[in-house]
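Colleague: the following block contains a protein sequence and its predicted model.
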Amino acid sequence: MSRPLTIAVASGKGGTGKTTVAAHLGEALSKLGKTVLVDLDAEAPDALGYFPEARLAEDPRAVTVAVPRVDAGRCTGCGLCARACRFGAIVVLGGVVTIDEAVCKGCGRCTALCPAGALSETDHVVGTASRHASGDLEILEGRLVVGDIRAVSVIEAVKRRAAGIPALRIRDCPPGVSCPAVHALEGADFAVLVAEPTEFSLHDLDAAVRLVKSQGIPAGIVVNKDGFGTADLESFAESRGLPILERIGFSRDRARAGAAGRLWDRDPDAREAVDRLARRILELASGGNAP
């Protein structure tokens, strides 16, 4: 491909080890060429925790949403702005306009439609995007302001920043299939769906598979914590026409390492599994032209 590959690591539910797999993939692939690990799980970004030695490469940038301000002297109280708002962020009572900045998505519709020109826009900070370096691996992290609901704005800002870096991109996506996950997956060349062999994971994996298929993204499944449960992921994958990319066996030491945010540096079997996974993903995502 003429442009760097973008590999999205996703899961139907939290707790499958998605971030653990993404962090290890980022490290493994950085040994083959320039790689950036993009943490798009903006409500709970954890990928950077696996790299305590990482240094801040650039000052964090604020992610902002343009929210409206009303000029009471020009406002006629017509209520068109409230009717135009698709998110319920504007209320007009007795001709007085009230704007809830915490709900506004910054679409600009109300400002554009105001017949009196009484609305203008100002930047409202909803999160940050920061860039770090750990050896040959770069890490981009999107972090939502605590209590905010506009994770999608942070995700899109970090995606745009990652697009300017000429490197293979590993996206750590939010779990599930809600709007943040949809936006985090959008535009990826390949999706790695991390699941554990439990019935709960299998149920939610089905939703994740439907999501990637709806976006036309080729995908494969990683069975993490293999042996932890008995759900038949092999038959599920076959029925959905998806490959099992790798199986990473369950062990208490690996679970403890993940809980502590430690890489599997002293676990040769796990490292070999990650290396095999990295090669398989590159082969499938690049159409067999992997480096």
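Modeller: Great, that's in hand.
Colleague: secondary structure element holding Ala208?
Modeller: helix 199-214 (DSSP states H and E).
Colleague: buried stuff in that helix?
Modeller: Buried residues in helix 199-214, counted by 16 or more other Cβ atoms under 10 Å: 201-202, 204-206, 208-209, 211-212. Yep, even glycine has a C-beta here, placed from its N, CA and C like the rest.
Colleague: what angle separates the helix or strand just after that helix from helix 199-214?
Modeller: Next in sequence after helix 199-214, counting helices and strands by DSSP H and E, comes strand 219-226. In terms of direction (axes from the mean of the first three to the mean of the last three Cα atoms, to 10 degrees), strand 219-226 departs from helix 199-214 by 160 degrees.
Colleague: assumed Ala82 was part of a helix.
Modeller: Yes: looking at Ala82 with DSSP: H, G, I helix; E, B strand; the rest coil, it is inside a helix.
Colleague: now the helix holding Ala208, how far from the chain's geometric center?
Modeller: With Cα atoms, centre = their mean, to the nearest Å as the basis, helix 199-214 stands 16 Å off its chain's centre.
Colleague: now do it: which elements does it pack against?
Modeller: When contacts are defined as 3 or more Cβ pairs under 8 Å, 6 or more residues apart in numbering; DSSP states H and E, helix 199-214 packs onto helix 179-185, strand 190-195, strand 219-226, helix 233-240.
Colleague: mean neighbour count, those: which tops it?
Modeller: Ranked by mean neighbour count, the helices and strands packed on helix 199-214 are led by strand 190-195 with a mean of 26 (mean count of other Cβ atoms under 10 Å).
Colleague: before we move on, the earlier item: hmm, who's touching the helix holding Ala208?
Modeller: Applying Cβ atoms under 8 Å, 6 or more residues apart in numbering, the contact partners of helix 199-214 are 10-13, 16, 176-177, 181-182, 185, 191, 193, 195, 219, 221, 229, 231-233, 236, 240, 242.
Colleague: do stretch 225-244 as well
Modeller: By Cβ under 8 Å, 6+ apart, the residues outside stretch 225-244 that reach it are 16-17, 193, 195-199, 201-202, 205-206, 209, 219-223, 247-250, 255, 284.
Colleague: which stretches of this protein have low pLDDT?
Modeller: The model of the chain has pLDDT under 70 over residues 1-2, 288-291.
Colleague: C-terminal to the strand or helix carrying Ala157, what's the next element?
Modeller: Here Ala157 sits within helix 151-163, counting by DSSP H and E. Counting by DSSP H and E, the element after helix 151-163 in chain order, helix or strand, is strand 168-172.
Colleague: could you pull out the helices for the stretch 1-150 of the chain?
Modeller: Assigned by DSSP state H, counting those that start in this stretch, the stretch 1-150 of the chain shows helices spanning 18-30, 80-84, 109-113.
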